[in-house]
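In: Sequence and predicted structure are below.
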Amino acid sequence: MGKTEKLIKRLLSVPNNFTWSELIKVLHHYGYEELKTKGKTGGSRRKFINRERHIINLHEPHPQKIVKQYVLKQIIKKLEL
């Protein structure tokens, strides 16, 4: 089992310490890329889009980089895992 598969398995367990960088790696694995926002700052809202034009809107957590469990559940549902 590779690193990405382990991350996906970890995501499916909905841990309380899943980091933003781990989530980005999973999204990249499923073909999602971050849309760059216009203007000087994009704030903490992030948009990810894949080839089929599906969009995922997220709030980048700060100052801690831990993703909330309800967000993980939404991502799992959106990715249909």
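Out: Received the coordinates, thanks.
In: quick one: contacts for Ile49?
Out: 32-33, 35, 55-56 (Cβ atoms under 8 Å, 6 or more residues apart in numbering). C-beta here means a position set from N, CA and C on the backbone, and glycine is covered the same way.
In: Tell me what Leu35 is bridged to.
Out: In this entry, Leu35 is beta-bridged to Lys47, by DSSP bridges.
In: what about the strands in the protein?
Out: Along the chain, the stretches classed as strands by DSSP state E are 33-35, 45-49, 55-59.
In: out of the ones you listed, nearest to Phe18?
Out: Among these, strand 55-59 comes nearest to Phe18, with 12.5 Å by Cβ to Cβ.
In: could you give the mean pLDDT of the closest one?
Out: For strand 55-59, mean pLDDT rounds to 93.
In: still on that earlier bit, for Ile75, state which of the contacts of Ile49 is nearest.
Out: Ile56 (7.1 Å).
In: The closest residue to the closest one other than its chain neighbours and Thr4, how far apart?
Out: Leaving aside its chain neighbours, Ile56 sits nearest to Phe48 (4.6 Å; criterion: Cβ to Cβ, 6 or more residues apart in numbering). Using Cβ to Cβ, to the nearest Å, Phe48 is found at 16 Å from Thr4.
In: out of the two, which sits in the more crowded spot?
Out: Taking other Cβ atoms under 10 Å, Phe48 and Thr4 do not tie; Phe48 has more neighbours (21 against 13).
In: check contacts around the more buried one.
Out: In this structure, Phe48 makes contact with 27, 32-35, 55-56, 58, judged by Cβ under 8 Å, 6+ apart.
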